[in-house]
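S.K.: next one to model:
(2 chains)
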There are 2 protein chains.
Amino acid sequence: MTLDDAALDLLFREARTHNGWKPEPVPESLLRQVFDLAKMGPTSANCSPLRIVFVSTPEGKARLKPALSAGNLEKTIAAPVTAIFGTDTLFYEELPKLFPHADAKVWFTSSPALAEATAFRNSTLQAGYFILAARALGLDCGPMSGFDNAAVDKEFFPDGRVKSNLLCNLGHGDPAKLFPRSPRFTFEEACSIA
Amino acid sequence: MTLDDAALDLLFREARTHNGWKPEPVPESLLRQVFDLAKMGPTSANCSPLRIVFVSTPEGKARLKPALSAGNLEKTIAAPVTAIFGTDTLFYEELPKLFPHADAKVWFTSSPALAEATAFRNSTLQAGYFILAARALGLDCGPMSGFDNAAVDKEFFPDGRVKSNLLCNLGHGDPAKLFPRSPRFTFEEACSIA
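M.R.: Predicted coordinates:
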């Protein structure tokens, strides 16, 4: 089985990073459906380090606002939901539950550098899965990494265990506020065969 | 528009990380189609730092073999293709082409720490897009990060500009060699609303 052209357009070819948002809200039930798809994507030793705060209330947006860069401010306040994608730096504490058939926790407690790279790599992979799962369920996305990570962490992850990775506005985008599509590499520019 | 259940199963719910591979080859034309979908996914300032070596020949597999961990060896040699997902650490050199409407290169030349995090984060997002694009076109995936990165870099990226991030076997998986599905977090365990 393969996806048809309409599905590939929805996920990849026609999907765009949105800068303007229609007022139509995003119900929590839809966020749950997106998460339940995205969480099925593969991570190293099923470590699943992504943690998400869905900022959807005026109070939440007010807490987020001081951490936003000028260019991301207006659109992020306007978006129905802004997901804070964070990384659980102590993800390996959960491995006895998530990867019960091996003692994987010690792989990471014995190597802080491996733990750090694994946390960042896999929370980012999961953010990528989330973006495509959101599109698959009809949402538009506006991911961004231009913000004050330390300010977000202090406000939303005060115990220090979770570190913010990227933000992603979610909702129904306003096509009138799209920028022109930027160019992409050809296969030859980015890929080779060995 | 939203994807139907069969499409969501293909991408997320029924897709699995494969450990055994049928001999059916993966043509280069299909790798090109997957890349041309995955490259459309969003990256920060369209920076597109993912570089891929598709290892598909016996000679290429022999070059990769010494860098593989014991648990990943047999399945990786057996896979029709192993993609080496690498990160272009000098991705910002391409920004005048990829992000022509702003002088984004200086954002990264002025901050090595920002450049390093941006390179890793965005090549990993692109790897996530690639995995789902491969599934969308009927391929099975077996991503892994347990390998000797320095050995892969020395063999496949000798000029030092590109650093290996993760590997991903590609082909048609053998369902008989699947492990049982590991548990995932509930929404409440990984997410909150603010």
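S.K.: would you mind measuring from the residue most central in space within chain A to B:D5?
M.R.: Nearest residue to the geometric centre of chain A (C-alpha atoms, centre = their mean): A:A127, 3.1 Å. The gap separating A:A127 from B:D5 is 24 Å, by C-beta to C-beta, to the nearest Å. Every residue, glycine included, has its C-beta placed from N, CA and C.
S.K.: re the thing from before, mind checking the SS state of the residue nearest to the centre of chain A?
M.R.: Under DSSP: H, G, I helix; E, B strand; the rest coil, the three-state class of A:A127 is helix.
S.K.: report pLDDT for the residue in chain A that chain B sits nearest to.
M.R.: Taking C-beta to the nearest C-beta, chain B has its nearest neighbour within chain A at A:G128, 2.7 Å off. Looking at A:G128, its pLDDT stands at 99.
S.K.: burial measure for it, as a count.
M.R.: Using other C-beta atoms under 10 Å in any protein chain shown, A:G128 has 28 other residues around it.
S.K.: what does the one 5 residues further on give?
M.R.: By the other C-beta under 10 Å criterion, the neighbourhood of A:A133 contains 27 residues.
S.K.: so it: helix, strand or coil?
M.R.: Following three-state DSSP, we place A:A133 in the helix state.
S.K.: and A:P158, that one's in a strand?
M.R.: No. According to three-state DSSP, the state of A:P158 is coil, so it is not within a strand.
S.K.: how about it, phi and psi?
M.R.: Backbone torsions of A:P158, given as degrees, to the nearest 10, read phi -70, psi -20.
S.K.: over to A:C168?
M.R.: Here is the backbone geometry of A:C168 (degrees, to the nearest 10): phi -150, psi 110.
S.K.: give the contact list for it.
M.R.: A:82-83, A:85, A:127, A:130-131, A:134, A:141-144 (C-beta atoms under 8 Å, 6 or more residues apart in numbering or on different chains).
S.K.: skipping adjacent residues, who's closest to A:I84 in space?
M.R.: In space, A:I84 comes closest to A:V53 once its chain neighbours are excluded; the distance is 4.3 Å by C-beta to C-beta, 6 or more residues apart in numbering or on different chains.
S.K.: beta partners of that neighbour?
M.R.: Beta-bridge partners recorded for A:V53 (DSSP bridges): A:I84, B:S192.
S.K.: can you tell me the distance between the two ends of stretch A:30-46?
M.R.: 24 Å (C-alpha to C-alpha, to the nearest Å).
S.K.: say whether chain B is contacted by that stretch.
M.R.: Yes. Residues of stretch A:30-46 contacting chain B under C-beta under 8 Å from any C-beta of the partner chain: A:31-32, A:35-42, A:44, A:46.
S.K.: nearest to B:K97, of these?
M.R.: Closest to B:K97 out of the residues of stretch A:30-46 next to chain B is A:G41 (30.6 Å), distances taken as C-beta to C-beta.
S.K.: okay, now the residue nearest to that closest one when sequence neighbours are not counted: neighbour count?
M.R.: Distances taken as C-beta to C-beta, 6+ apart place A:Y129 nearest to A:G41, at 3.6 Å, with adjacent residues excluded. Using other C-beta under 10 Å, A:Y129 has 26 neighbouring residues.
S.K.: A:Y129 contacts B:A133, correct?
M.R.: No. A:Y129 lies out of contact with B:A133 (C-beta atoms under 8 Å); the separation is 11.8 Å.
S.K.: for chain A, what spans make up the strands?
M.R.: With DSSP state E as the criterion, chain A has strands at A:50-55, A:81-88, A:140-144, A:162-171, A:191-193.
S.K.: okay if I get those strands as CSV plus mean pLDDT and distance to B:R16?
M.R.: As requested, the strands of chain A are arranged in CSV below (pLDDT from 0 to 100; distance: least, C-beta to C-beta, whole Å):
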stretch, mean pLDDT, distance to B:R16
strand A:50-55, 99, 19
strand A:81-88, 98, 24
strand A:140-144, 98, 26
strand A:162-171, 98, 26
strand A:191-193, 98, 25
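S.K.: now the ones you listed in a markdown table, with distance to A:D103?
M.R.: Listed next are the strands of chain A as a markdown table, based on distance: least, C-beta to C-beta, whole Å:
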| stretch | distance to A:D103 |
| --- | --- |
| strand A:50-55 | 23 |
| strand A:81-88 | 19 |
| strand A:140-144 | 35 |
| strand A:162-171 | 24 |
| strand A:191-193 | 37 |
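S.K.: out of these, flag the one nearest B:A104.
M.R.: Of all those, it is strand A:140-144 that lies closest to B:A104, at 13.5 Å by C-beta to C-beta.
S.K.: got the angle between that closest one and strand A:81-88?
M.R.: 50 degrees (axes from the mean of the first three to the mean of the last three C-alpha atoms, to 10 degrees).
S.K.: what does strand A:140-144 contact?
M.R.: With contact meaning C-beta under 8 Å, 6+ apart, strand A:140-144 is reached by A:15-19, A:21, A:72, A:75-76, A:79, A:127, A:131, A:134-135, A:166-173, B:42, B:44.
S.K.: repeat that for 6 Å
M.R.: Outside of strand A:140-144, the residues within contact range by C-beta atoms under 6 Å, 6 or more residues apart in numbering or on different chains are A:17-18, A:72, A:131, A:134, A:166-169, A:172-173, B:42.
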